[in-house]
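> Kindly generate the corresponding structure for this input.
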Amino acid sequence: MSHSMREGGGPPTGIPDRDLVERARSDPGSAIGRAAAGELLRRYRRPVYVWCFRYVGEHERALDMAQEVLLSAYQRLGEFEGRATFSSWLFVIARNRCLNEMRNDARREDIEPDSLVDDGPGFDERLETEMEGQRLLDLAARVLDDDERKAVWLRYSELLPVDEITAVMSLDHKSGARALLQRARRKLRAAWESQ
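Model prediction:
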């Protein structure tokens, strides 16, 4: 069952992201195109805010950054080529915005930006560093379903804890995102090692 990532965990519209993207891109000036883009960005308002908040730790600042990310995504929707999922593309924009903010903070505080990066060991480290690479995105697109891709992205790119992923994705089964992530990791590891 697919779960939409809507603010407040509301019911999904049932329209997949890729269809909303197509509607928004096919006629951006029409009411249908604007409505599709609006729904698409509403789905990700909370996850983008959560991501920004985890970087800066300040509510108002994270709200401003999330708004900038969503506005940038809306303005650049015509550039989205569909090589990755919409959520992956959106969170690359969010990650870049957050990293720029951290660099600005580091300059103001005279902190070395590289000291802010902390890598994990083994396969998980490879997964985190390769998540930005096209190879792993292509692998995830081939072997994972939509929910697994979203959960992996939220965990390894957003670095959200499992309980937050459960809330963001409105997962209601007992194990939440934990079982989803374990299944996704098994699939990715098997596909990675068979290459």
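
> top helix in the chain by residue count?
helix 86-109 (DSSP state H).

> so what secondary structure elements neighbour that helix?
Judged by 3 or more CB pairs under 8 Å, 6 or more residues apart in numbering; DSSP states H and E, helix 86-109 is in contact with helix 17-26, helix 45-56, helix 59-75, helix 146-156. C-betas here are computed from N, CA, C, even on glycine.

> change it to 10 Å
Contact here means 3 or more CB pairs under 10 Å, 6 or more residues apart in numbering; DSSP states H and E; on that basis helix 86-109 packs against helix 17-26, helix 31-43, helix 45-56, helix 59-75, helix 134-143, helix 146-156.

> Same list (those) but as a markdown table, adding mean pLDDT, mean neighbour count and distance to Val162.
Shown next, in a markdown table, are these (pLDDT from 0 to 100; neighbours: other CB atoms under 10 Å; distance: least, CB to CB, whole Å):
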| stretch | mean pLDDT | mean neighbour count | distance to Val162 |
| --- | --- | --- | --- |
| helix 17-26 | 91 | 17 | 23 |
| helix 31-43 | 91 | 17 | 21 |
| helix 45-56 | 87 | 21 | 13 |
| helix 59-75 | 92 | 16 | 21 |
| helix 134-143 | 71 | 15 | 18 |
| helix 146-156 | 80 | 23 | 7 |
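
> Turn those into TSV, including distance to Glu101.
Listed next are the helices and strands packed on helix 86-109 as TSV, based on distance: least, CB to CB, whole Å:
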stretch	distance to Glu101
helix 17-26	26
helix 31-43	20
helix 45-56	6
helix 59-75	6
helix 134-143	24
helix 146-156	19
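
> domains of the chain?
What automatic domain parsing lists as the domains of the chain is 13-117, 118-195.

> Just the buried positions in the longest helix of the chain, please.
Using 16 or more other CB atoms under 10 Å as the test for burial, helix 86-109 gives 86-95, 97-98, 101-102.

> okay, now Tyr44: neighbour count?
Around Tyr44 there are 25 other residues, counting by other CB atoms under 10 Å.

> i'd like the first residue to be 56 from this point on
Sounds good: first residue 56 from here, last item Tyr99.

> and Ile87, what does it touch?
Arg78, Ala79, Ser81 (CB atoms under 10 Å, 6 or more residues apart in numbering).

> Quick check: the last one touching Ala91?
Yes. Shown here, Ser81 and Ala91 form a contact pair, counting by CB atoms under 10 Å, at 8.9 Å.

> hmm, back to that, and the longest helix of the chain with helix 114-130, angle?
Compare the direction of helix 141-164 with that of helix 114-130 by axes from the mean of the first three to the mean of the last three CA atoms, to 10 degrees and you get 130 degrees.

> Nearest spatial neighbour of Leu236, chain-adjacent residues omitted?
Counting by CB to CB, 6 or more residues apart in numbering, the nearest residue to Leu236 once its immediate chain neighbours are dropped is Ala206, at 5.3 Å.

> do you know how far the one you found is from Gly231?
10 Å (CB to CB, to the nearest Å).
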